[in-house]
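Visitor: curious how this folds, go ahead:
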Amino acid sequence: MKIGVMVQEGPYQHQAADSAWEFIKAARAKGHQIVGVFFYTDGVHNINRFMKPPGERVISKRWSELGAEGIRLVACVTDSTYRGLTEEIAAPNIKISGLGNLAEFLQEADRFVTFGD
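Guide: Next up is the predicted model:
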């Protein structure tokens, strides 16, 4: 099955980012394909490569590693701009782009799962 994912909450304040990451890992382990992950609204905070919490998981690094494995990771350009996130701030393997990417993920996916409020 082809699955698309949207993350709408920032890291460390809500369980959505961790749940989405765990969901993707479990889905792939079962043989499902992830067509892409779209970071929307406060979810764009997940892409910040400067997050380096001591003694905790580094969410942007986790996402970047999934991107290196071939999963398309896209943060909404409008939401990123409003929150001061640029390509220079984005973690490797994550791009900032428009809602057209979200439309592609929706079109390609058999199922689409959203994490966040």
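Visitor: for the rest of this, base every contact and every neighbour count on C-alpha atoms.
Guide: Noted.
Visitor: need the nearest residue in space to Thr110, chain neighbours excluded.
Guide: For the record, residue 110 is Asp, not Thr. With sequence-adjacent residues excluded and distances taken as Cα to Cα, 6 or more residues apart in numbering, Asp110 is closest to Lys2, at 5.2 Å.
Visitor: show me what contacts the one you found?
Guide: Counting by Cα atoms under 8 Å, 6 or more residues apart in numbering, Lys2 touches His32, Gln33, Ile34, Val35, Glu108, Ala109, Asp110, Arg111.
Visitor: can you give me the strands in the protein?
Guide: Assigned by DSSP state E, the chain shows strands spanning 2-7, 33-39, 73-76, 95-97, 111-115.
Visitor: can you put the ones you listed in JSON lines and add distance to His14 and mean pLDDT?
Guide: What follows is the strands of the chain, written out as JSON lines (distance: least, Cα to Cα, whole Å; pLDDT from 0 to 100):
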{"stretch": "strand 2-7", "distance to His14": "11", "mean pLDDT": "98"}
{"stretch": "strand 33-39", "distance to His14": "14", "mean pLDDT": "98"}
{"stretch": "strand 73-76", "distance to His14": "18", "mean pLDDT": "98"}
{"stretch": "strand 95-97", "distance to His14": "22", "mean pLDDT": "97"}
{"stretch": "strand 111-115", "distance to His14": "10", "mean pLDDT": "98"}
